[in-house]
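Peer 1: Compute the structure for the input listed below.
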Amino acid sequence: MSHTDPKMILKALIAGVNPESAEPVPNDSVLHQPGVIRALLAGLSALELTTARALRRAQLPGNVGNTWTTEEERSLIAAFKSGELPEVISQKHGRTLRAIEARLQKLGLITEAERTTRGGFSST
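Peer 2: Have a look, this model is predicted:
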């Protein structure tokens, strides 16, 4: 068997199998204790959540979470004032539509009512 993937190792241990030899773990092994099995399951669940989060993050535009620079704001303002659609601007800036609309609202270029997305910005 000889797995190096942490998830595969945990799955083998949860199943009561030695991940190196694929042989059953002896019945008197600590691995058969309910608390240990619960801990292994929790570890496996955490790894799976981390993997899922990384996959979702990889699908987001490249600048998600990055601070807006003065130059990027100037470019956003110019693009919006020239009539570019927020959807097009978001692709050019590598940001979500929600981030573009939130920044436009913060800059006073659109109102809350003009947004197509909600959340992510508070004017308070």
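
Peer 1: mind checking pLDDT for residue 62?
Peer 2: Per-residue pLDDT puts residue 62 at 86.

Peer 1: That one: neighbour count?
Peer 2: If you count neighbours by other Cβ atoms under 10 Å, residue 62 ends up with 9. The way it works is simple: take the backbone N, C-alpha and C, and place the C-beta from them, glycine included.

Peer 1: surely residue 99 meets residue 64?
Peer 2: Yes: contact criterion Cβ atoms under 8 Å: residue 99 and residue 64 qualify, at 7.2 Å.

Peer 1: Could you check which of these two is surrounded by more residues?
Peer 2: Between residue 99 and residue 64, residue 99 has the larger neighbour count (other Cβ under 10 Å), namely 22 against 12.

Peer 1: so which helix or strand takes in the more buried one?
Peer 2: helix 97-106 (DSSP states H and E).

Peer 1: Just the CA atoms of that helix, as PDB, please.
Peer 2: C-alpha atoms of helix 97-106 as PDB (Å, rounded to 0.1, in the frame of the first residue of the first chain):
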ATOM      1  CA  LEU A  97     -18.100  41.900  -9.100                       C
ATOM      2  CA  ARG A  98     -19.100  42.400  -5.500                       C
ATOM      3  CA  ALA A  99     -15.700  43.900  -4.700                       C
ATOM      4  CA  ILE A 100     -16.000  46.200  -7.700                       C
ATOM      5  CA  GLU A 101     -19.500  47.400  -6.700                       C
ATOM      6  CA  ALA A 102     -18.400  47.800  -3.100                       C
ATOM      7  CA  ARG A 103     -15.500  50.000  -4.100                       C
ATOM      8  CA  LEU A 104     -17.600  52.000  -6.500                       C
ATOM      9  CA  GLN A 105     -20.100  52.600  -3.700                       C
ATOM     10  CA  LYS A 106     -17.400  53.500  -1.300                       C
END
